[in-house]
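Undergrad: What would the 3D arrangement of this be:
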Amino acid sequence: MKYFVEINGRPHEVELTERLGVLSVKVDGEPLDLAYSEVDGLGQFFVLSEGRSYAVSIDGEASELGVTIAGALYDVHIEDERERAAGAAERAAAKQGGLVKSVMPGVVVEICVEVGQEVEAGQPLLILEAMKMQNELVAPHGGRIQSIHAQAGQAVAMGAKLIQIASLEAPE
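TA: Got it, this is the predicted structure:
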């Protein structure tokens with residue numbers, strides 16, 4: 001799985017692969033010799049990297065963390081491939097006049113809006129199931145549902161047109 005990690009404002013790509021219980025780590029495309037073990041179940045870890053050992057303390061939520069290594073605090077923001085694709089699709093939809101497209105291949109589980117309905121930014125539009133996870137696609141901005149291009153139970157490809165949102169000022 002690929003992660004996009006920002007450490008104190010500096011971006012990095014981290015790729016984690018686990019095979020037969022062995023963790024393989026690449027940072028910015030370069031392999032990193034890394035092993036770790038959890039110390040106490042409270043965010044304390046022992047990390048062995050490139051022959052050196054570190055005590056690491058992790059605090060925060062899943063995507064926004066404070067990581068302390070040898071007394072130095074690092075602000076860490078983590079985003080996986082799926083979250084990044086969803087965010088990019090939402091930003092693109094706002095730029096393209098409100099066309100919401102599928103962020104990944106999947107199956108439409110539920111349509112949460114109707115044609116003609118007014119929506120606000122962040123309001124759920126539909127539920128898309130992909131990779132055994134249900135993803136809520138939300139309105140990138142306020143407006144009126146102009147058209148719906150999918151239906152519940154339909155399989156959709158990445159980039160498929162799902163919902164068109166018109167601005168409230170635009171004629172219907």
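
Undergrad: Torsion angles phi and psi at the residue nearest the centre of the chain?
TA: Centrality entry for the chain: nearest residue to the mean C-alpha point is residue 83, 0.9 Å, by C-alpha atoms, centre = their mean. The phi/psi pair for residue 83 (degrees, to the nearest 10) reads phi -60, psi -40.

Undergrad: any idea what sits nearest it, other than its immediate chain neighbours?
TA: residue 63 (7.6 Å; C-beta to C-beta, 6 or more residues apart in numbering). C-beta here means a position set from N, CA and C on the backbone, and glycine is covered the same way.

Undergrad: looking at it, that neighbour is touching residue 78, isn't it?
TA: Yes - counting by C-beta atoms under 8 Å, residue 78 is a contact partner of residue 63 at 5.1 Å.

Undergrad: just wondering, since we're on residue 152, how far is it from residue 165?
TA: Distance of residue 152 to residue 165, computed by C-beta to C-beta, to the nearest Å: 19 Å.

Undergrad: Between these two, tell me which one has more neighbours.
TA: For the pair residue 152 and residue 165, the greater number of neighbours falls to residue 165 (27 against 11), based on other C-beta atoms under 10 Å.

Undergrad: thinking again about what came up before, of residue 63 and residue 78, who's got more company?
TA: More crowded of residue 63 and residue 78, by other C-beta under 10 Å: residue 78, with 17 against 13.

Undergrad: hey, what's the more buried one bridged with?
TA: Beta-bridge partners for residue 78, by DSSP bridges, are residue 5.
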